[in-house]
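Peer 1: A predicted structure for the sequence below; I have some questions about it.
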Amino acid sequence: MTHLVLDKVSVHYDGQPAVERVSIDVAKHDFVVLVGRSGCGKTSLLNVAAGLVEPVRGSATIGGRPITAPGSDRAVVFQNDALFPWLTARENVAFALRLRGALPAERTRRADELLRLVKLDGAGDKHIWELSGGMRQRVGLARALAAEPQFLLLDEPLGALDALTRERMQTTLLDLWTASHVGVLMVTHGIEEALVLATRIVVLAPGPGRVVRTFETGFSRRYAAGEPIRAIKADPAFAASRGELTDAIFEGEAA
């Protein structure tokens, strides 16, 4: 099985350490979530995995091959949807297929298939400015999957959404993960969001960024197996995990 591996990665900016000796392993079918206080290096690590930042020490690999630049084996989704406003939803999703040389009929078929996967049936002809924030983010996820990556790298993809839309998008993300069989590395500030989505949570602390705790969680797999998300959140085990994760994130913070 292919793994995305950050091995003892250190990242410095202007000579100052942002991350020191962090190791993370993401296999296909994993949903790994990075959490921690501001300045702990979550986005820096995601950018190393994306090939946007080169570590000063350590290595980043996929299937044993060094990551030296962005590649089609990884798709990145940021908080800002970064869609092309002059194109329709279908055309945005089909853009990645066009770059891969797919014929027009195949681009349309696959784009509509992906739009159905993100619950946007019938929205293919809508322009981006006609869509809500949650719908635009779904288009962005569909476009990322159009490249058929092995790994999705998500940097606060739900952070700009209102609370209700964000909660609905969490289950959309889980549905996509289950259907696409990709590995996911995600950054979030949401404690409950991390618990809902992750198969493993990596807690980072600042000064410089480092791993202080790892949680193996099973709530996302329970959802994938058919358990309703409301029932999962109502489970006392979920509340206990939320308290434990909160303590781990803020342990050692000055009062």
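Peer 2: Everything's here; your move.
Peer 1: which parts of the stretch 51-200 of the chain are helices?
Peer 2: 89-99, 104-117, 133-146, 163-180, 191-197 (DSSP state H, counting those that start in this stretch).
Peer 1: show me what counts as buried in the fourth one.
Peer 2: Meaning helix 163-180. 165, 166, 167, 169, 170, 172, 173, 174, 176, 177, 180 (16 or more other C-beta atoms under 10 Å). For every residue, glycine as well, the C-beta is placed using N, CA and C.
Peer 1: what's the most buried one of the helices of the stretch 51-200 of the chain?
Peer 2: helix 133-146 (a mean of 24; mean count of other C-beta atoms under 10 Å).
Peer 1: correct me, but residue 31 touches residue 198?
Peer 2: Yes - contact status for residue 31 versus residue 198: in contact at 5.5 Å, counting by C-beta atoms under 8 Å.
Peer 1: now list whatever residues contact both of those two.
Peer 2: In terms of C-beta atoms under 8 Å, 6 or more residues apart in numbering, residue 31 and residue 198 are both contacted by the residues 186, 220.
Peer 1: show the contacting residues for residue 193.
Peer 2: Per C-beta under 8 Å, 6+ apart, neighbours of residue 193: 33, 158, 166, 170.
Peer 1: give the contact list for the last one.
Peer 2: Meaning residue 170. Contacts of residue 170 (C-beta under 8 Å, 6+ apart): 158, 193, 196, 197, 229.
Peer 1: quick revisit: check the contacts of residue 193 and tell me the two furthest apart.
Peer 2: The span of those, defined through C-beta to C-beta, is set by 33 and 166 at 14.6 Å.
Peer 1: report how many residues lie close to residue 35.
Peer 2: Residues lying near residue 35 (other C-beta atoms under 10 Å) number 26.
Peer 1: returning to what we had before: from the buried residues of helix 163-180, pick the one nearest residue 220.
Peer 2: residue 174 (5.8 Å).
Peer 1: I figured that closest one hits residue 224, correct?
Peer 2: Yes - with contact defined as C-beta under 8 Å, residue 174 counts as touching residue 224 (6.5 Å).
Peer 1: okay if I get the contacts of residue 170 as CSV plus pLDDT?
Peer 2: As requested, the contacts of residue 170 are arranged in CSV below (pLDDT from 0 to 100):
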residue, pLDDT
158, 80
193, 93
196, 95
197, 96
229, 92
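Peer 1: between these, which sits nearest residue 86?
Peer 2: Using C-beta to C-beta, the contacts of residue 170 come closest to residue 86 at residue 158, 25.2 Å.
Peer 1: would you check how far apart that closest one and residue 133 are?
Peer 2: With distances taken as C-beta to C-beta, to the nearest Å, residue 158 is found 10 Å from residue 133.
Peer 1: run a quick neighbour tally on the closest residue to residue 205 other than its chain neighbours.
Peer 2: The shortest distance from residue 205 to any residue other than its chain neighbours is 4.6 Å, reached at residue 212 (C-beta to C-beta, 6 or more residues apart in numbering). Close neighbours of residue 212, defined as other C-beta under 10 Å, add up to 15.
Peer 1: what about the closest residue to residue 192 other than its chain neighbours, which SS state?
Peer 2: Of all residues not flanking residue 192 in the chain, residue 242 sits nearest, at 6.2 Å (C-beta to C-beta, 6+ apart). For residue 242, the assignment made with DSSP: H, G, I helix; E, B strand; the rest coil gives helix.
Peer 1: report how many residues lie close to residue 242.
Peer 2: 15.
Peer 1: go ahead and confirm it touches residue 190.
Peer 2: No - look at residue 242 against residue 190 with C-beta under 8 Å: they stay out of range, at 10.7 Å.
Peer 1: name the helices or strands packed onto the helix or strand encompassing residue 20?
Peer 2: Using DSSP states H and E, residue 20 maps to strand 16-27. Using 3 or more C-beta pairs under 8 Å, 6 or more residues apart in numbering; DSSP states H and E, the elements in contact with strand 16-27 are strand 3-13, strand 31-36, helix 42-50, strand 57-62, strand 183-187, strand 210-216.
Peer 1: sweet, I'm off.
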